[in-house]
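no sequence on this one, just coordinates:
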Ligand SMILES: NC(=O)C1=CN([C@@H]2O[C@H](COP(=O)(O)OP(=O)(O)OC[C@H]3O[C@@H](n4cnc5c(N)ncnc54)[C@H](O)[C@@H]3O)[C@@H](O)[C@H]2O)C=CC1
Ligand SMILES: N[C@@H](CCC(=O)N[C@@H](CSC=O)C(=O)NCC(=O)O)C(=O)O
Ligand SMILES: [Zn+2]
Ligand SMILES: [Zn+2]
């Protein structure tokens, strides 16, 4: 292949500083080293976590960087020792790695992987603790080990899921983050049982995927809570059966939900990233067994609180990363489920734009009518 072993110059959206518009730049992407994979990204979606890091509120946010972590593409070349993917393979980069060898992977208790996390948290590759991105010699940090707002990216081999090549990449790119997170929060983290009453705080893509997961798990009532009532129409199509807008009530929202459900819900999910809502989500759970799952990502310096009595009396507080899915094993499985029409994906995509329109895409994301916006990279 002509580009193998060569530096590739391509377009990427660079975040030079927090909140400053992303700049489309010519970026040099170095060849993959041992254990690395260079991917041509064909489609990427935007997730609110990209906006969070761009805002400067992420303690791991480093600038300049290339954001993006919900994408799909084709392997361009692989470094020494890479055996599980080959040039031409269709893949989804995974911000949560799965090495199958580390203490975390072998524990059987978590989907978190420890192999490359220390490097991805500081924007570099594990081999030489350096970035593969540069602009005229200035290094540009990686982000979440994925950096998909670039036409080419380099990732660790433990962070690549090989998928069925018949899957449409412009759709299944969503299986890199938001949709699996919501489905997995229900199926893997909470393990919702048939007949359960579920409350979902925040009806963005993640909250809608929680609703879809809860419906398929046989929940009897799925209560959607959002301050934007326009979300309710779409949410019905994902399984939400009742809607509550906290702005329509004088009482604390947890009291509203407790009153509606004869003492509280069996499971609640916080899909916003607001620590005060996290407290409400815990406290609307039923005494004795109600479980609340934190999905939303809250800014640096934010902390959760509640009366310990809430836990003493049997409520359980949990969190989930990537819905508890083991990335390399489960992403291909999710793609197959999509191909069999067992899970929705297309329905979350409200906008399609080009890489050059990425700043417009971020503006859209903050408007109520946008769930996922997919960018075509070339
Ligand atoms: N734990 C994980 O692995 C992952 C976490 N996330 C996080 O999940 C969160 C949700 O992501 P998206 O669905 O993409 O976001 P989104 O912004 O599309 O959805 C959030 C929803 O919450 C609503 N909302 C805001 N404040 C509210 C309040 N006080 N009460 C009720 N509703 C309120 C908004 O109107 C919106 O509909 C983000 O914090 C994101 O960073 C995303 C992916 C993976
Ligand atoms: N750097 C952030 C971490 C935010 C965070 O919790 N990220 C989620 C994924 S959010 C995807 O859109 C996650 O998987 N966390 C586990 C991990 O290993 O990072 C911060 O410090 O706030
Ligand atoms: Zn995400
Ligand atoms: Zn591991």
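Done, it's in. Not measured: the values here are computed from a predicted model. Ligands and ions are numbered 1, 2, ... in the order given.

The closest residue to ligand 4 within the stretch 251-378 of the chain and ligand 3, how far apart?
Of all residues in the stretch 251-378 of the chain, residue 326 sits closest to ligand 4, at 9.2 Å by C-beta to the ion. C-beta here means a position set from N, CA and C on the backbone, and glycine is covered the same way. Plainly put, residue 326 is 17 Å away from ligand 3 if you go by C-beta to the ion, to the nearest Å.

Just list the residues touching that residue, thanks.
Applying C-beta atoms under 8 Å, 6 or more residues apart in numbering, one finds that residue 326 lies in contact with 98, 105, 111.

correct me, but the second one touches residue 96?
Right, the one you point to is residue 105. No. The pair residue 105 and residue 96 fails to qualify as a contact (C-beta atoms under 8 Å) at a distance of 10.8 Å.

Could you list the low-pLDDT ranges of the chain?
1 (pLDDT under 70).

Residues of the stretch 1-150 of the chain that sit close to ligand 4?
Neighbours of ligand 4 within the stretch 1-150 of the chain, by C-beta under 5 Å from the ion: 99, 102, 105, 113, 115.

Tabulate those (CSV), appending secondary structure and neighbour count.
What follows is these, written out as CSV (DSSP: H, G, I helix; E, B strand; the rest coil; neighbours: other C-beta atoms under 10 Å):
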residue, secondary structure, neighbour count
99, coil, 17
102, coil, 17
105, helix, 20
113, coil, 24
115, coil, 21
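
quick one: the residue lying closest to residue 229 once chain neighbours are set aside from residue 239, how far?
By the measure of C-beta to C-beta, 6 or more residues apart in numbering, the closest residue to residue 229 outside its immediate chain neighbours is residue 245, 5.1 Å from it. As defined by C-beta to C-beta, to the nearest Å, residue 245 lies at a distance of 18 Å from residue 239.

and the two? which has more neighbours close in?
residue 239 (21 against 16; other C-beta atoms under 10 Å).

Just want the residue of the protein that's nearest ligand 1.
Residue nearest to ligand 1 within the chain: residue 204 (2.1 Å; C-beta to the nearest ligand atom).

For that residue, grab phi and psi.
Torsion angles at residue 204 (phi, psi; degrees, to the nearest 10) stand at phi -80, psi -160.

So the residue lying closest to residue 251 once chain neighbours are set aside: helix, strand or coil?
Spatial nearest neighbour of residue 251, chain neighbours left out: residue 259 (7.8 Å); criterion: C-beta to C-beta, 6+ apart. Recorded secondary structure, residue 259: helix (DSSP: H, G, I helix; E, B strand; the rest coil).
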